[in-house]
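S.K.: This is a predicted model, with the sequence first.
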Amino acid sequence: NIDIDEDGNIASQLDNLNNDIKKKVYYFNTVADMKAASLKNNDMVITLGYYKPNDGGGAEYRIVSGQHTDDGGSYHKINNNLFAELIKKDELNVLTYGIKNNAEDSQTRINAMLSAFSTGNISFYFPTGKYRLNETFYLPANTKIRGDNGSTVFLWYGAENTYMFNILSQHNNCVICDIC
């Protein structure tokens with residue numbers, strides 16, 4: 001919406017719009033390509049995949065400064081002490097964390113993802129595939145784990161007589177659906 005001020009001017013709004021249009025979005029095939037690039041604070045980035053284009057791990061990032069930890073998902077350390085910060089959506093595709101859906105061990109990346117969202121209020125989407133779990137998933141409040149219409153399989157490699165998921169009594173509103 002463009003508003004005209006009392007003098008009939010729209011110049012300041014057009015200047016802001018022009019500045020937004022001038023922002024360039026950088027595209028990279030992979031997260032590794034993004035991390036190797038020379039980017040500046042406030043640049044916008046889109047990756048086409050995590051490990052390779054179209055692997056499902058593509059995401060949008062904003063380049064930021066500050067003290068962050070490269071967790072392989074929410075933040076990636078790039079050049080000049082800058083970080084690529086994942087632009088979070090209502091639902092997080094777990095492949096954007098480098099989690100593999102081919103039965104390979106991705107427990108470290110799963111733990112990093114859960115740690116980054118330890119406050120809950122998140123929906124994790126596990127696309128079609130097989131996900132190897134070696135440790136119990138501790139779900140924070142208001143967490144949803146959603147598979148792909150029954151074509152998502154969790155393979156339990158954890159200790160016998162332990163649980164794949166643990167929802168503590170003080171945590172509520174957790175949903176697990178469409179998982180085999």
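M.R.: In hand now; what should we look at? Source: prediction; values computed, not measured.

S.K.: give me the number of residues near residue 92?
M.R.: Counted with other Cβ atoms under 10 Å, the neighbours of residue 92 add up to 20. C-beta: built from backbone N, CA, C; applies to glycine.

S.K.: What values do phi and psi take at it?
M.R.: Per-residue torsions, residue 92: phi -100, psi 120 (degrees, to the nearest 10).

S.K.: can you check residue 97 too?
M.R.: The phi/psi pair for residue 97 (degrees, to the nearest 10) is phi -100, psi 10.

S.K.: contacting residues around it?
M.R.: Neighbour list for residue 97: 50, 57, 72-73, 109-110, 112-113 [criterion: Cβ atoms under 8 Å, 6 or more residues apart in numbering].

S.K.: One more: residue 57?
M.R.: Residue 57 touches 31, 47, 49-51, 93, 95-98, counting by Cβ under 8 Å, 6+ apart.

S.K.: cutoff 6 Å now
M.R.: Shown in contact with residue 57 (Cβ atoms under 6 Å, 6 or more residues apart in numbering): 49-50, 95-96.

S.K.: secondary structure class for residue 33?
M.R.: helix (DSSP: H, G, I helix; E, B strand; the rest coil).

S.K.: The closest residue to it other than its chain neighbours bridge partners, please.
M.R.: Nearest non-adjacent residue to residue 33, counting by Cβ to Cβ, 6 or more residues apart in numbering: residue 47, 7.5 Å away. Applying DSSP bridges to residue 47 gives these bridge partners: residue 28, residue 59.

S.K.: Assess the claim that residue 47 and residue 28 are in contact.
M.R.: Yes. Counting by Cβ atoms under 6 Å, residue 47 touches residue 28, with 5.1 Å between them.

S.K.: Which neighbours do those two have in common?
M.R.: Joint contacts of residue 47 and residue 28 (Cβ under 6 Å, 6+ apart) are residue 34.

S.K.: which one among the contacts of residue 97 gets closest to residue 164?
M.R.: residue 110 (11.7 Å; Cβ to Cβ).

S.K.: For this protein, which segments count as strands?
M.R.: In the chain, the strands defined using DSSP state E lie at 25-28, 44-47, 59-64, 75-77, 83-86, 91-93, 102-105, 122-125, 129-133, 137-138, 143-146, 152-156, 165-166, 175-177.

S.K.: As JSON lines, those strands with distance to residue 38 and mean pLDDT would be great.
M.R.: Formatted as JSON lines, these follow (distance: least, Cβ to Cβ, whole Å; pLDDT from 0 to 100):
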{"stretch": "strand 25-28", "distance to residue 38": "10", "mean pLDDT": "95"}
{"stretch": "strand 44-47", "distance to residue 38": "12", "mean pLDDT": "96"}
{"stretch": "strand 59-64", "distance to residue 38": "11", "mean pLDDT": "96"}
{"stretch": "strand 75-77", "distance to residue 38": "14", "mean pLDDT": "96"}
{"stretch": "strand 83-86", "distance to residue 38": "13", "mean pLDDT": "97"}
{"stretch": "strand 91-93", "distance to residue 38": "27", "mean pLDDT": "94"}
{"stretch": "strand 102-105", "distance to residue 38": "32", "mean pLDDT": "92"}
{"stretch": "strand 122-125", "distance to residue 38": "32", "mean pLDDT": "93"}
{"stretch": "strand 129-133", "distance to residue 38": "34", "mean pLDDT": "95"}
{"stretch": "strand 137-138", "distance to residue 38": "38", "mean pLDDT": "86"}
{"stretch": "strand 143-146", "distance to residue 38": "37", "mean pLDDT": "92"}
{"stretch": "strand 152-156", "distance to residue 38": "38", "mean pLDDT": "94"}
{"stretch": "strand 165-166", "distance to residue 38": "43", "mean pLDDT": "85"}
{"stretch": "strand 175-177", "distance to residue 38": "42", "mean pLDDT": "88"}
